[in-house]
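model the structure of this input:
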Amino acid sequence: GILSHSDDYMEGSGHGIYLINGHIRFHLIHRWTDLGIREETKSTVKPGEWQQITVTYDGRRKASGLLIYLNGIRQDTKVLFDQNNEPLHVPDRPIRIGAAGGMRFNGAIRDARIYKDALTPEEVEAISAAESVAAIAKIPAPARTPAQAKKLELAFLESAAPEQLRDARAQWLNAAHERQSFYDSIPSVMMMQDGANRDTFLLKRGAYDAPGEAVTAGIPAVLGTLDPRWPNNRLGLAMWLVDRRNPLTARVAVNRLWQSFFGFGIVKTVDDFGSQGEWPVHPELLDWLAAEFMDSGWDLKAIQKRIVTSAAYRQASKTSPELLQKDPDNRLLARGPRYRLGPEEIRDQALAVSGLLVEKLGGPSVKPYQPPGLWQELAGGKGYVQDTSDGLYRRSLYTYWKRTVAPPYMINFDSPNREVCTVWENRTNSPLQALNLMNDVEFLEAARKLAERLLIEGGASTEQRIDYAFHLVLAKSPKPGQREILQKTAAAFLRDFRNDPKAAQQFLSQGESTVRTGLDVLELAAWTAVSSIFLNLDEVISKQ
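Below is the predicted model:
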């Protein structure tokens, strides 16, 4: 290994330059078996003499953008592996000189450099000349090597050329950069080339060796036919899927959106619109929403705005014995939706009101709190390495998910196990969920940080703090009876913690975030307990 920024074993992630059997090789590895680039020179280096190696990469995730130079001259290369769809990853590892991927370099290395931009071929040629610009200038022009001449030329253009020439060059470079930025901004899609058509048959009784009637590509006749202008292949199928004359795609899409807002679809079997599925309760509504969705240009924001501003959605969720008897599942929409929130929403909501939520978008998965020893017991290995700092407070969308050891909190609140595609989540209510919200470290920590907000931002009196908590967590004001109960509860908690200060310290020690200084510890503990009550309210964990 010559130079690397990677794990120090052969198949580790990262990138590095190698000398293997005399060939210069570059590895860019995200996952050795199926995600990365590996490329090497066809020719070998000359042993026993100094040689300058440069590798450039344009960041476009293709081996064609990875170039290897020897003494400033681009080398013919052989692509060993070219399956990368990830940006260049800078691993949390040291840069190693003379080592890469568990291999050590047996020789001398001088003047190792890493540039922040991909060098141009002219720049690569120039840096291969070791002599200074002043030394090159003293060499007669006919005696200069091409690399020396290129280095002198670039130095002249950058610092010694007439101002008009330098300005023109700067404008040309900026224009080239803008042009490339424009091309980079154009969205790209994955494409596959269709292979040669092959004969396909119905199999008698499903037996692979008993072909029956020959069949050809097409769509089910009951759903119409392809437009004669479309090719009878996957492209034609894609055109048919979003064609105005085919409402199926739009109907399925708006039905799932309806479910996300009301807790059930207009067609309750959101994963089955076939003969085994349920008939829509409001077929005309489903048709109208599908037509609106298509006519809007498939505008998801517009169709969702249409749903949430409707009279049906804005109804109160309050019910009555008569309504429960006539329509227990609210399929007829006589009242607004009411159901328990999903696990991601409950956790993210607690982090948000406490001020802990990190709203960064994108990036790798994170590992928030999880009971110790769970991974070792179920899957062995070195176990679960919990994140620190921001990784504990990212949105639940980014939680690392191991299929055989799913996050227990998520499963406890009915998250699908992700073993199969799921478009419908169950909603249950169990004592385990209450225990989770009252005792899990992430909810106790969120309660503590919420209590800090109440003490700092909520005002000086108990009444003001309770009102502020209602506005933060429930977006409404408390009723007089609710305020009175919570005032008595806060006073009772404060008395208990004054009688047992050690319990207060232990209660506030939950979680990795620091306890805010300058606050009375016993008062903070009491308001943490009150905040935990807020995070456990049925109104908080339910949509209503």
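
tell me which helix or strand comes right after the host helix or strand of residue 55.
Element membership for residue 55 (DSSP states H and E) is strand 53-57. Of the helices and strands lying after strand 53-57 in sequence (DSSP H and E), the nearest is strand 66-70.

now do that following strand: distance to the chain's middle.
Put simply, strand 66-70 sits 33 Å off its chain's centre (Cα atoms, centre = their mean, to the nearest Å).

what's the answer for stretch 248-264, then?
24 Å.

buried set for it?
Residues 249-255, 257-259, 262-264 are the ones in stretch 248-264 that count as buried (16 or more other Cβ atoms under 10 Å). Quick note: C-beta positions are derived from backbone N, CA and C, even for glycine.

output it as PDB, nothing but the C-alphas.
What follows is stretch 248-264, C-alpha atoms only, in PDB (Å, rounded to 0.1, in the frame of the first residue of the first chain):
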ATOM      1  CA  LEU A 248     -55.200   2.600 -11.400                       C
ATOM      2  CA  THR A 249     -51.900   4.200 -10.400                       C
ATOM      3  CA  ALA A 250     -53.500   7.400  -9.200                       C
ATOM      4  CA  ARG A 251     -56.300   5.600  -7.300                       C
ATOM      5  CA  VAL A 252     -53.700   3.500  -5.400                       C
ATOM      6  CA  ALA A 253     -51.600   6.500  -4.600                       C
ATOM      7  CA  VAL A 254     -54.400   8.700  -3.300                       C
ATOM      8  CA  ASN A 255     -55.800   5.800  -1.300                       C
ATOM      9  CA  ARG A 256     -52.500   5.500   0.500                       C
ATOM     10  CA  LEU A 257     -52.400   9.200   1.100                       C
ATOM     11  CA  TRP A 258     -55.900   9.000   2.500                       C
ATOM     12  CA  GLN A 259     -54.900   6.300   4.800                       C
ATOM     13  CA  SER A 260     -51.900   8.300   6.100                       C
ATOM     14  CA  PHE A 261     -54.300  11.100   7.200                       C
ATOM     15  CA  PHE A 262     -57.400   9.200   8.300                       C
ATOM     16  CA  GLY A 263     -55.900   5.900   9.500                       C
ATOM     17  CA  PHE A 264     -57.600   3.800   6.800                       C
END
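
by residue count, what's the longest strand in the chain?
strand 23-31 (DSSP state E).

return the distance of that strand from the chain's centre.
For strand 23-31, the distance to the chain centre is 26 Å (Cα atoms, centre = their mean).

point out where the stretch 201-350 of the chain drops to low pLDDT.
Across the stretch 201-350 of the chain, nothing is flagged by pLDDT under 70.

where exactly do the strands run in it?
Using DSSP state E, counting those that start in this stretch, the strands assigned to the stretch 201-350 of the chain run over residues 211-215, 339-340.

tabulate the ones you listed in a markdown table, adding columns for mean neighbour count.
Below are the strands of the stretch 201-350 of the chain laid out as a markdown table (neighbours: other Cβ atoms under 10 Å):
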| stretch | mean neighbour count |
| --- | --- |
| strand 211-215 | 10 |
| strand 339-340 | 17 |
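
neighbours of residue 183, how many?
8 (other Cβ atoms under 10 Å).

what is the orientation angle of the longest strand of the chain with strand 53-57?
30 degrees (axes from the mean of the first three to the mean of the last three Cα atoms, to 10 degrees).

helices and strands around whatever helix or strand comes next after strand 23-31, which ones?
Downstream of strand 23-31, the next assigned helix or strand under DSSP H and E is strand 35-41. Counting contacts by 3 or more Cβ pairs under 8 Å, 6 or more residues apart in numbering; DSSP states H and E, strand 35-41 is packed against strand 23-31, strand 66-70, strand 77-83.

hmm, who's touching strand 35-41?
The contact list for strand 35-41 (Cβ atoms under 8 Å, 6 or more residues apart in numbering) reads 20, 23-30, 62-63, 66, 68, 70, 75-86.

swap in 6 Å and give it another go.
23-30, 63, 66, 68, 75, 77-82, 84 (Cβ atoms under 6 Å, 6 or more residues apart in numbering).

ditto for stretch 294-302
Contacts of stretch 294-302 (Cβ under 6 Å, 6+ apart): 244, 250.

gap between it and the chain center?
So, by Cα atoms, centre = their mean, the centroid of stretch 294-302 is 25 Å from its chain's centroid.

using PDB, write out every CA atom in that stretch.
Output of stretch 294-302 as PDB, limited to C-alpha atoms (Å, rounded to 0.1, in the frame of the first residue of the first chain):
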ATOM      1  CA  MET A 294     -53.500  13.400 -12.400                       C
ATOM      2  CA  ASP A 295     -54.800  16.700 -13.600                       C
ATOM      3  CA  SER A 296     -52.500  18.500 -11.200                       C
ATOM      4  CA  GLY A 297     -49.500  17.000 -12.800                       C
ATOM      5  CA  TRP A 298     -49.100  14.400 -10.100                       C
ATOM      6  CA  ASP A 299     -48.500  17.100  -7.500                       C
ATOM      7  CA  LEU A 300     -48.200  15.400  -4.100                       C
ATOM      8  CA  LYS A 301     -48.300  18.600  -2.100                       C
ATOM      9  CA  ALA A 302     -51.400  19.900  -3.900                       C
END
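
so for it, what gets flagged as buried?
residue 294.

next one: stretch 275-295
Quick answer for stretch 275-295 (16+ other Cβ under 10 Å): 280-282, 285-287, 289-290, 292-294.
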